[in-house]
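S.K.: build me a model from this:
(one chain, ligands or ions: 1)
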Amino acid sequence: MTVLFSELLVPGWAEGGTMIGMREVTAPTDNSTGFNLPCHSADPETFFAETPAMIAFAKSLCGECPVRTQCLEGALSRSEPCGVWGGELFDEGRPIIAKRAPGRPRLQRGDVELAG
Ligand code: SF4
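M.R.: As a prediction, this is how the structure comes out:
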């Protein structure tokens, strides 16, 4: 899945039904170059990666971001379904510690395995 951050709608920050992307939100109104956001220069796939190493890398990029707090607040308000936003990994609208590995979860002590 490829998502360009500059194409994302940021509900609540839009006026008059106009779609406003991250670039419009974070860029200044004058003609200067604006913030140099890590996600604007990195591969967008990095922020929607599946591997723990790539997710950790995306989080580290967010750690240097000047709008990290605002980004996280926006992601929470939008209930982002997936991806790394504001330095947090999202799943179904809420931050999670890590993605669950594919397959059946391991049995925990005290779990009862049903005989089939
Ligand atoms: S916190 Fe991360 S995802 Fe959000 S704008 Fe900054 S670099 Fe991009």
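S.K.: so where's the chain uncertain?
M.R.: When residues are selected by pLDDT under 70, those of the chain lie in 1-35, 111-116.
S.K.: just the CA trace of stretch 50-61, in CSV.
M.R.: Output of stretch 50-61 as CSV, limited to C-alpha atoms (Å, rounded to 0.1, in the frame of the first residue of the first chain):
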residue,chain,number,x,y,z
GLU,A,50,5.4,-4.8,8.5
THR,A,51,8.7,-5.7,10.0
PRO,A,52,9.7,-4.7,13.6
ALA,A,53,13.0,-3.2,12.3
MET,A,54,11.3,-1.0,9.7
ILE,A,55,8.6,0.1,12.2
ALA,A,56,11.4,1.0,14.7
PHE,A,57,13.1,3.0,12.0
ALA,A,58,9.9,4.9,11.2
LYS,A,59,9.4,5.7,14.9
SER,A,60,13.0,6.9,15.1
LEU,A,61,12.4,9.3,12.1
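S.K.: not counting its neighbours along the chain, what's nearest Phe90?
M.R.: Excluding the flanking residues, the one nearest Phe90 by C-beta to C-beta, 6 or more residues apart in numbering is Glu80, at 4.4 Å. For the C-beta atoms, the positions are set from N, CA and C on the backbone; glycine is no exception.
S.K.: with only the CA atoms kept, save the helix or strand where Gln70 lies in PDB.
M.R.: In this assignment (DSSP states H and E), Gln70 forms part of helix 68-78. C-alpha atoms of helix 68-78 as PDB (Å, rounded to 0.1, in the frame of the first residue of the first chain):
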ATOM      1  CA  ARG A  68       5.400  15.100  16.300                       C
ATOM      2  CA  THR A  69       2.900  16.100  19.000                       C
ATOM      3  CA  GLN A  70       0.400  17.600  16.500                       C
ATOM      4  CA  CYS A  71       0.800  14.600  14.200                       C
ATOM      5  CA  LEU A  72       0.000  12.200  17.000                       C
ATOM      6  CA  GLU A  73      -3.000  14.200  18.100                       C
ATOM      7  CA  GLY A  74      -4.300  14.300  14.500                       C
ATOM      8  CA  ALA A  75      -3.800  10.500  14.100                       C
ATOM      9  CA  LEU A  76      -5.700   9.900  17.400                       C
ATOM     10  CA  SER A  77      -8.500  12.200  16.300                       C
ATOM     11  CA  ARG A  78      -8.800  10.500  12.900                       C
END
